[in-house]
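**Student:** Sequence and computational prediction follow.
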Amino acid sequence: MNRRLLLGGAIALASTGTAVAQVRRMTAYKTPWCGCCDGWVTHMRGAGWTVDVVEREDLSPIRARYGVPDRYAGCHTAVVGAYAIEGHVPAADVDRLLRERPTAVALAAPGMPAGSPGMEAAGRQPYVTLLINRAGEATVFGRHNGA
């Protein structure tokens, strides 16, 4: 096939506004007994993510592998690309993380904040998501529920 034909096809595709959809896939590690983790997975799937779930009794090794200090632990850890997503981080924050690609190892919503995705039944409290760097230091990435 000649180069002009390939280039012409690419220009035609671009001019129609048709684009190949980006696959949004992650792996979520959770304990077998945690129902709120299932709620978070449902939230992510509802936002267009494909989530492969892996159940583990102990998530500490997963957090350690991805550089998430225990002080930022949530009840599940997801992995998307080189980033860990710790706890009940909203899909919009994950999308922003992947758009901006900051130098970091993880996004975290430590603990189990009421009103976060998967924790809606627990009420509603202000909380933040944290961007964690390689040194284990965190800065505020997102504010939620009036935080």
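**Tutor:** Everything's here; your move.

**Student:** Quick one: the helices in this protein, in order.
**Tutor:** For the chain, helices defined by DSSP state H occupy the ranges 3-15, 35-46, 60-65, 91-100.

**Student:** Could you list everything A109 pairs with in the sheet?
**Tutor:** Beta-bridge partners of A109, counted by DSSP bridges, are G87.

**Student:** Distance check, it against A122.
**Tutor:** Distance, A109 to A122, by Cβ to Cβ, to the nearest Å: 13 Å. Just so you know, the C-beta spots here come from the backbone N, C-alpha and C atoms, and that holds for glycine as well.

**Student:** Could you identify which of the helices of the chain has the lowest mean pLDDT?
**Tutor:** Lowest mean pLDDT of those: helix 3-15, a mean of 37.

**Student:** now stretch 45-63, how far from the centre of its chain.
**Tutor:** Averaging C-alpha positions (Cα atoms, centre = their mean, to the nearest Å) puts stretch 45-63 10 Å from its chain's average.

**Student:** So which bits of stretch 24-37 are buried?
**Tutor:** 24, 26, 28-30, 34, 36-37 (16 or more other Cβ atoms under 10 Å).

**Student:** Just give me the closest of these to Y72.
**Tutor:** Y29 (15.1 Å; Cβ to Cβ).

**Student:** Contacts only, for that closest one.
**Tutor:** By Cβ atoms under 8 Å, 6 or more residues apart in numbering, Y29 lies in contact with 54-56, 59, 62, 76-79.

**Student:** Tell me the bridge partners for it.
**Tutor:** Taking DSSP bridges as the rule, Y29 bridges to V54, T77.

**Student:** Show the pLDDT at it.
**Tutor:** Per the predicted model, pLDDT is 97 at Y29.
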